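Q: Fold the stuff below for me.
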Amino acid sequence: MARIFLPNEKLVQSYSLEYLEYMRQEKCCISFAEGCDLHHLDNIQVNRKKPNTRHFTVVPLNRLLHTEYHAMGIDKFQQKYKIQLWREAFYYLAKWLIAKVDENNDK
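A: Okay, here's the model as predicted:
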């Protein structure tokens, strides 16, 4: 996969761990269970505790569904649960960005 160049990638990365913390509070995007795993749609092959733009591609899945996803693959999983995971990831990111803008406007 080609790497996207962002002129301000370091700035974007600096928010990625904050985003993960935000996402850890979200319920599973399928079962609505709490206490979910964060699944990276854009596979992260490096230290997950370091800033990385790929953290912005996570979706919350409960442990059982996360395991099932890895056994089935994205296409069969999405078909079974009638969900588009990339669309969900963008929805969560947009929701977080709106909250950040509101937070900054309140200051």
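Q: Helices of the chain, start to end?
A: Using DSSP state H, the helices found in the chain span residues 9-14, 16-23, 63-72, 74-81, 85-105.
Q: And the pLDDT for the residue nearest the centre of the chain?
A: Relative to the mean C-alpha position of the chain, the nearest C-alpha, by C-alpha atoms, centre = their mean, is the one of residue 58, at 1.6 Å. Listed pLDDT for residue 58 reads 97.
Q: I'd guessed it sits against residue 17; true?
A: No: taking C-beta atoms under 8 Å as the definition, residue 58 is not a contact partner of residue 17, at 11.7 Å. All C-beta atoms are positioned from the backbone trio N, CA, C, and that covers glycine.
Q: on that earlier part again, residue 35 is nearest to which of the helices of the chain?
A: Distance to residue 35, taken as C-beta to C-beta, is lowest for helix 63-72 among these, at 8.4 Å.
Q: May I have the closest one as PDB, with CA atoms only?
A: Provided in PDB are the C-alpha atoms of helix 63-72 (Å, rounded to 0.1, in the frame of the first residue of the first chain):
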ATOM      1  CA  ARG A  63     -13.700  -9.400  21.900                       C
ATOM      2  CA  LEU A  64     -15.900 -12.100  20.300                       C
ATOM      3  CA  LEU A  65     -16.600 -10.100  17.200                       C
ATOM      4  CA  HIS A  66     -12.900  -9.100  16.900                       C
ATOM      5  CA  THR A  67     -11.800 -12.700  17.000                       C
ATOM      6  CA  GLU A  68     -14.500 -13.600  14.400                       C
ATOM      7  CA  TYR A  69     -13.400 -10.700  12.100                       C
ATOM      8  CA  HIS A  70      -9.800 -12.100  12.000                       C
ATOM      9  CA  ALA A  71     -11.100 -15.600  11.300                       C
ATOM     10  CA  MET A  72     -13.500 -14.400   8.500                       C
END
